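J.: Generate a structure from the sequence data that follows.
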Amino acid sequence: MYTAIFTAIILILFVLKKKNENISFNSIVLRTVVTLCVTGIFIYLSEIIVTYTYDYFFAKKYEAKVVKYEYTEGDSDSGPVPIAIVEFKNDKNKILQKSTGYGTSHPIAIGKTIQISYNEGDKYVRNLTFSEMKLMVFFIIFFFGIFSIAFVAVVMNAFGKNLFVIWRLVSIILVYVVFPVFLLLFIVILSQVIWTYFYSEKNDVSILALLISGVFLIILVTLFLGYIANRFGKLKTYLKKPKKKPIKSFDFNKRIPK
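T.: From the prediction side, this is the model:
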């Protein structure tokens, strides 16, 4: 509902801004689709972050132990994914078993105690032990950052503001955050392949995969170190760049001493 209301407001502002111009049907459809997608995802991620933040600081918390897994239905591309089931006592000292509501290929270990929030009648509990869902937290924060910038850009564009600041911010994030992080991610993946070959009990890595991973790992590490040195070296030089000294003004009305 909020998404539809916000999209309608943006379209009204767009029409008012272009009232003296011919507005094509395609431009209205495109703007509607973009605004709906950006706003919908932004609001959805905002609700997740606000809900978990509120529960973490203000909701009543329970200590729950993972006792078993239930599994999602697999398909031709992937197998069933385990979902952790936790056991805890509610306010009435009644033992309950509830699902965490999400599946992952690396579920919380059985017997592990986590902190949860729960309201009477809820189908799922909320896992507040964020260390047990690092990947999910990372992706939520990452995409929330992206769609926050996109949301601000949509609003600024609707009011006819210059988007130079947004594009500048996006370019800085891409250069100094996104690209280095993806390089680092590939380095970690290749390192994991090599580690599996030498130290894993179940060795599913072939010699050919090991050699290819080693070559690409050396290339990526060299590229990563060179990129970091180049980018942050330029940033350091820019920050240390001396500021222009103000031109001194002289009072020519003063008498020159003899």
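
J.: can you map out the helices along the stretch 151-258 of the chain?
T.: All helices of the stretch 151-258 of the chain, identified by DSSP state H, counting those that start in this stretch, fall at 164-173, 179-199, 207-240.

J.: Show me which residues of the first one are buried.
T.: Counting neighbours by 16 or more other Cβ atoms under 10 Å, one finds that the buried residues in helix 164-173 are 166, 170. To be clear about C-beta, it is placed using only N, CA and C from the backbone, and glycine gets the same treatment.

J.: Could you check how far that helix is from the centre of its chain?
T.: 17 Å (Cα atoms, centre = their mean, to the nearest Å).

J.: The last one too?
T.: With Cα atoms, centre = their mean as the basis, helix 207-240 stands 23 Å off its chain's centre.

J.: Tell me the helices and strands packed up against it.
T.: helix 179-199 (3 or more Cβ pairs under 8 Å, 6 or more residues apart in numbering; DSSP states H and E).

J.: Show me where the stretch 101-250 of the chain dips below the pLDDT cut-off.
T.: The model of the stretch 101-250 of the chain has pLDDT under 70 over residues 200-205, 234-250.

J.: I'd like the helices of the stretch 151-258 of the chain laid out as JSON lines, including distance to Ile9.
T.: Output for these, formatted as JSON lines (distance: least, Cβ to Cβ, whole Å):
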{"stretch": "helix 164-173", "distance to Ile9": "19"}
{"stretch": "helix 179-199", "distance to Ile9": "35"}
{"stretch": "helix 207-240", "distance to Ile9": "39"}
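
J.: among those helices, which is nearest Val67?
T.: Among those, helix 179-199 comes nearest to Val67, with 29.8 Å by Cβ to Cβ.

J.: Contacts for the closest one, please.
T.: Applying Cβ atoms under 8 Å, 6 or more residues apart in numbering, the external contacts of helix 179-199 come out as 203-205, 209-210, 213-214, 216-217, 220-221, 223-224, 227-228, 231.

J.: at 6 Å instead, please
T.: Contacts with helix 179-199, where a contact means Cβ atoms under 6 Å, 6 or more residues apart in numbering, come from 205, 210, 213, 216-217, 220, 224.

J.: got the angle between that helix and helix 164-173?
T.: Interaxial angle, helix 179-199 versus helix 164-173 (axes from the mean of the first three to the mean of the last three Cα atoms, to 10 degrees): 20 degrees.

J.: Just the buried residues of helix 179-199, please?
T.: Neighbour count says helix 179-199 has 180, 183, 187, 190, 193, 196-197 buried, by 16+ other Cβ under 10 Å.

J.: Please produce TSV containing these, extended by distance to Lys65.
T.: Formatted as TSV, these follow (distance: Cβ to Cβ, whole Å):
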residue	distance to Lys65
Pro180	39
Leu183	39
Ile187	36
Leu190	36
Val193	34
Thr196	30
Tyr197	35
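
J.: now, among those residues, which is nearest to His106?
T.: The closest of the buried residues of helix 179-199, once distances to His106 are taken by Cβ to Cβ, is Thr196, at 14.8 Å.

J.: and Ala153, how many residues sit next to it?
T.: By the criterion of other Cβ atoms under 10 Å, Ala153 has 19 neighbours.

J.: residue contacts, it?
T.: By Cβ under 6 Å, 6+ apart, the residues touching Ala153 are 163, 166.

J.: Just want the angle from the helix or strand that contains Ile146 to helix 179-199.
T.: Using DSSP states H and E, Ile146 falls within helix 134-158. Compare the direction of helix 134-158 with that of helix 179-199 by the same axes, to 10 degrees and you get 160 degrees.
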